[in-house]
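Student: Sequence first, then the predicted structure, then my questions.
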Amino acid sequence: MNDLSFASLLTPEGRALLDEVRGTAPARELAVATRLRREHPADLVSAALAQARLRERAAAKFGAEDAERMFFTANGVEQSTRTAVAAHRAGRLRELGATSVADLCCGIGGDAIAFARAGIRVLAVDRDPLTAAAARANAEALGLSAPIEVREADVTEVDVSGYDAVFVDPARRGGRGRIFDPEAYSPPLSWAVATALKAPHAALKVAPGIPHEAVPTAAEAEWISDGGDVKEAVLWFGTQPGLVRATLLPGPRVLRGRALPDPPVRAPGRYLYEPDGAAIRAHLVAEVAEELDGGLIDETIAYVTADEHRDSPYATAYEITDRLPFNVKRLKALLREREVGVLTVKKRGSAVEPEELRRKVLPKPHGPNAVTVFLTRVAGAPTMLLGHPA
């Protein structure tokens with residue numbers, strides 16, 4: 001989509017077309033496009049159908065009600081923050097007393113919307129003309145034009161003085177895909193940190209795989225998951241330097257690091273616990289194990305084991321029924337004997353691909369029973385643990 005076709009969607013004709021093509025099934029797109037092109041420019045029809053597809057994709061992040069009114073680019077849908085995560089971050093800034101924020105690299109405006117809805121005045125900046133236009137259109141579509149000012153500019157040239165907070169969401173994708181080196185972000189992490197230190201409070205969005213050694217000593221590091229899926233990490237300034245936390249949404253449930261020693265390694269007990277991904281990324285498995293009064297099945301594997309069942313928001317519990325050395329034929333025979341028709345395969349510390357194993361041991365699923373098998377290591381040995389959710 002180019003600037004011209006996007007601008008045409010904002011016209012009365014474009015908005016009417018968007019209403020008309022809403023909910024068009026992929027199989028009917030060609031017929032719908034052919035019919036509409038008799039009365040509307042072909043480029044406008046194509047843009048409307050493309051926007052309808054983007055809105056459907058965006059509903060998972062923004063909710064159907066907002067997504068049906070918003071405007072998206074392909075990169076914007078992929079890279080924008082999920083509403084629940086953006087709202088959590090905006091809520092934290094508001095609790096810190098921020099009433100204004102400079103949102104740098106604002107994208108299509110997902111975070112700016114969350115800030116505005118939290119009662120924070122926003123300067124939203126992006127250097128890409130199409131992206132900035134989408135952010136401006138989204139603020140208008142959601143009735144947030146007053147608290148959100150959108151500016152097309154290079155973020156490195158923006159004066160952030162006078163704002164209570166700074167939020168930076170640097171680009172972490174390039175021509176070859178994801179960028180893992182924080183200094184290769186656009187703009188680099190070092191620039192974002194220097195800018196963050198100019199404001200009373202700041203939040204820098206980074207990839208959840210950021211090395212812990214790359215976290216500045218002046219920052220608090222927070223890893224966030226939503227519904228069990230790790231979404232991002234955030235470096236906070238003006239809070240508690242050195243603190244590490246895992247935040248689980250919805251909730252939020254917050255697990256704070258206490259610099260605990262590594263948990264003891266012990267033989268698998270009756271229960272196996274799979275820590276939430278945010279706790280694992282934050283290196284807080286020891287905190288999870290202490291809460292569960294458990295240990296590790298292997299010093300390099302983030303599975304916690306215990307003899308007693310305890311509910312925890314930070315880990316999913318499974319009752320273990322069998323412990324076997326890794327052996328495909330033996331597993332296949334056991335599943336047939338127990339009439340297993342549903343097999344869930346999880347792995348940690350194993351090179352075996354779950355789908356490949358499932359095809360080998362359960363080629364024709366049948367039977368009323370379900371089993372979860374963990375491909376892992378116990379005391380360094382390849383092991384299969386079988387069980388079910390506790």
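Tutor: Perfect, thanks for sending it.

Student: Can you read off the backbone torsions of R94?
Tutor: Main-chain dihedrals, R94, degrees, to the nearest 10: phi -70, psi -40.

Student: again with D276
Tutor: phi -60, psi 150.

Student: so who does it touch?
Tutor: Taking CB atoms under 8 Å, 6 or more residues apart in numbering as the contact definition, D276 lies against 225, 228, 246, 248, 313-316. Heads up, the C-betas are built off the backbone N, CA and C, glycines and all.

Student: Drop anything exposed from the residues you listed.
Tutor: 225, 246, 248, 314-315 (16 or more other CB atoms under 10 Å).

Student: tell me the two of those residues that are most distant?
Tutor: S225 and A315 (12.0 Å; CB to CB).

Student: helix/strand/coil for the residue lying closest to S161 once chain neighbours are set aside?
Tutor: Once flanking residues are discounted, S161 sits nearest to K198: 6.8 Å by CB to CB, 6 or more residues apart in numbering. Three-state assignment for K198 (DSSP: H, G, I helix; E, B strand; the rest coil): coil.

Student: Hmm, G295 is touching A289, no?
Tutor: Yes: here G295 reaches A289: they are 6.4 Å apart, a contact under CB atoms under 8 Å.

Student: Which one of these two is surrounded by more residues?
Tutor: Just comparing G295 and A289: by other CB atoms under 10 Å the higher neighbour count belongs to A289, 24 against 19.

Student: so who does the more buried one touch?
Tutor: Going by CB under 8 Å, 6+ apart, A289 touches 263, 295-296, 304.

Student: Now that we're looking at it, what pLDDT does it have?
Tutor: pLDDT for A289: 97.

Student: Between the contacts of A289, which sits nearest A114?
Tutor: V304 (33.7 Å).

Student: so that closest one makes contact with E291?
Tutor: No: under the criterion of CB under 8 Å, V304 makes no contact with E291, lying 9.3 Å away.

Student: What ranges does the stretch 51-200 of the chain have for its strands?
Tutor: Under the criterion DSSP state E, counting those that start in this stretch, the stretch 51-200 of the chain contains strands at 100-104, 121-126, 148-152, 165-168, 173-174, 177-178.

Student: Compare the ones you listed and give me the one nearest R22.
Tutor: For the strands of the stretch 51-200 of the chain, the distance to R22 is smallest for strand 148-152, at 25.0 Å, taking CB to CB.

Student: Just checking: what are the partner strands of that closest one?
Tutor: Sheet pairing here is set by DSSP bridges, and for strand 148-152 it gives strand 121-126 (parallel).

Student: what angle sits between the partner strand and strand 100-104?
Tutor: 10 degrees (axes from the mean of the first three to the mean of the last three CA atoms, to 10 degrees).

Student: CA atoms only for strand 121-126, dumped as CSV, please.
Tutor: C-alpha atoms of strand 121-126 as CSV (Å, rounded to 0.1, in the frame of the first residue of the first chain):
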residue,chain,number,x,y,z
ARG,A,121,-1.1,13.2,26.8
VAL,A,122,1.0,11.7,23.9
LEU,A,123,3.4,13.0,21.3
ALA,A,124,3.6,10.0,18.8
VAL,A,125,6.5,10.2,16.4
ASP,A,126,7.4,8.0,13.4
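
Student: thinking again about what came up before, got the contacts of A289 as JSON lines, with pLDDT and secondary structure columns?
Tutor: Below are those laid out as JSON lines (pLDDT from 0 to 100; DSSP: H, G, I helix; E, B strand; the rest coil):
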{"residue": "P263", "pLDDT": "94", "secondary structure": "coil"}
{"residue": "G295", "pLDDT": "96", "secondary structure": "strand"}
{"residue": "L296", "pLDDT": "96", "secondary structure": "strand"}
{"residue": "V304", "pLDDT": "97", "secondary structure": "strand"}
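
Student: Nearest to E39 among those?
Tutor: Looking across these and measuring by CB to CB, the closest to E39 is V304, at 62.9 Å.

Student: The contacts of A289 into TSV, with extra columns for distance to L189?
Tutor: Output for those, formatted as TSV (distance: CB to CB, whole Å):
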residue	distance to L189
P263	31
G295	36
L296	32
V304	32
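
Student: top of those by neighbour count?
Tutor: Neighbour counts for the contacts of A289 (other CB under 10 Å) peak at V304, which has 29 neighbours.

Student: what separates the nearest residue to V193 once chain neighbours are set aside from G209, distance-wise?
Tutor: Distance criterion CB to CB, 6+ apart; nearest residue to V193, sequence neighbours excluded, is P216 at 5.4 Å. Distance of P216 to G209, computed by CB to CB, to the nearest Å: 17 Å.

Student: Neighbour count for those two, which is higher?
Tutor: Comparing P216 with G209 by other CB under 10 Å, the one with more neighbours is P216, at 18 against 10.

Student: just how off-centre is stretch 51-63 within its chain?
Tutor: Centroid separation for stretch 51-63 versus its chain: 16 Å, with CA atoms, centre = their mean, to the nearest Å.

Student: I misspoke; the intended subject was stretch 39-49.
Tutor: 33 Å.

Student: need the contact list for R15.
Tutor: L9.

Student: and it, which of the three is it?
Tutor: R15 is classified as helix under three-state DSSP.

Student: Tell me how many other residues crowd E308.
Tutor: 10.
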